[in-house]
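S.K.: The sequence and its predicted three-dimensional model are supplied below.
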Amino acid sequence: MHIHEGFLSPEMLAAGWAVAGIGTAIGLKKTDPDKIVRVAVFSSVFFLASLINVRVGPSSTHLSLLAPLGLVLGWSVFPAVLVALLLQAVLLQFGGFLVLGANTVDMALPGLIVHLLFSKSIRRGSGFAVAMLSFAAGFLAVVLGALGTGMFLTLSDPGLRGAVGVIFVANLPPALIEGVITLLMTEFLKKTAPDILE
């Protein structure tokens, strides 16, 4: 869901940087120094998952694993996503530097939201309920990311509404895939390393 350079208004660029800056500052403050390696590993996973992307108008669609990042990292998802997106912009010219703030918000905020909505229930639950909650978290994170992208684009230029609809539809298949991946990941972690979900 990278937004490419040249599509956002100065106001939306500034708003993206402001929210990303606040989220990253809180994330850094809340990051336990003993868990820096975990944040780095999940940042790398996000970087790799989103390497294969398909351009859709002013944006693109790709796997992102936003829900697993959010469920494991909480507020630390902001610095993790920011660093990964910065490296993608520098090394691969994905997104861009001006839109880095907005792209960070588009991807980190959904991860944080699913953390706040689902992490306790997934951690404490078991069986079918956890499977369904995990799938819902994965699906919802991608949908929220697509909605965030749409919001930034339409607030910048109402003429992009048609492209936003296409972007949303294009992100539905990845949302289903990420729901399944999140389900499998949480089932695996609950059996082998439940402390990672703490």
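M.R.: Nice, thanks for sending it over. Numbering: from 1, shown residues only.

S.K.: where are the low-confidence patches of the chain?
M.R.: Applying pLDDT under 70 to the chain picks out residues 1, 52-61.

S.K.: Contacts for stretch 183-195 next, please.
M.R.: Under the contact criterion Cβ atoms under 8 Å, 6 or more residues apart in numbering, stretch 183-195 has outside partners 68, 71-72, 122-123, 126, 130-131, 134-135, 138, 196-197. C-beta: built from backbone N, CA, C; applies to glycine.

S.K.: If any of those residues are buried, put those into a PyMOL selection.
M.R.: Buried members of these, defined by 16 or more other Cβ atoms under 10 Å, are picked up in PyMOL with:
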select buried, resi 68+71+72+122+130+131+134+135+138+196+197
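
S.K.: Serialize the contacts of stretch 183-195 to JSON lines and add fields for secondary structure and distance to Gly111.
M.R.: Listed next are those as JSON lines, based on DSSP: H, G, I helix; E, B strand; the rest coil; distance: Cβ to Cβ, whole Å:
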{"residue": "Pro68", "secondary structure": "helix", "distance to Gly111": "8"}
{"residue": "Leu71", "secondary structure": "helix", "distance to Gly111": "8"}
{"residue": "Val72", "secondary structure": "helix", "distance to Gly111": "9"}
{"residue": "Ile122", "secondary structure": "helix", "distance to Gly111": "14"}
{"residue": "Arg123", "secondary structure": "helix", "distance to Gly111": "16"}
{"residue": "Ser126", "secondary structure": "coil", "distance to Gly111": "23"}
{"residue": "Val130", "secondary structure": "helix", "distance to Gly111": "18"}
{"residue": "Ala131", "secondary structure": "helix", "distance to Gly111": "20"}
{"residue": "Ser134", "secondary structure": "helix", "distance to Gly111": "14"}
{"residue": "Phe135", "secondary structure": "helix", "distance to Gly111": "16"}
{"residue": "Gly138", "secondary structure": "helix", "distance to Gly111": "11"}
{"residue": "Ile196", "secondary structure": "helix", "distance to Gly111": "15"}
{"residue": "Leu197", "secondary structure": "helix", "distance to Gly111": "14"}
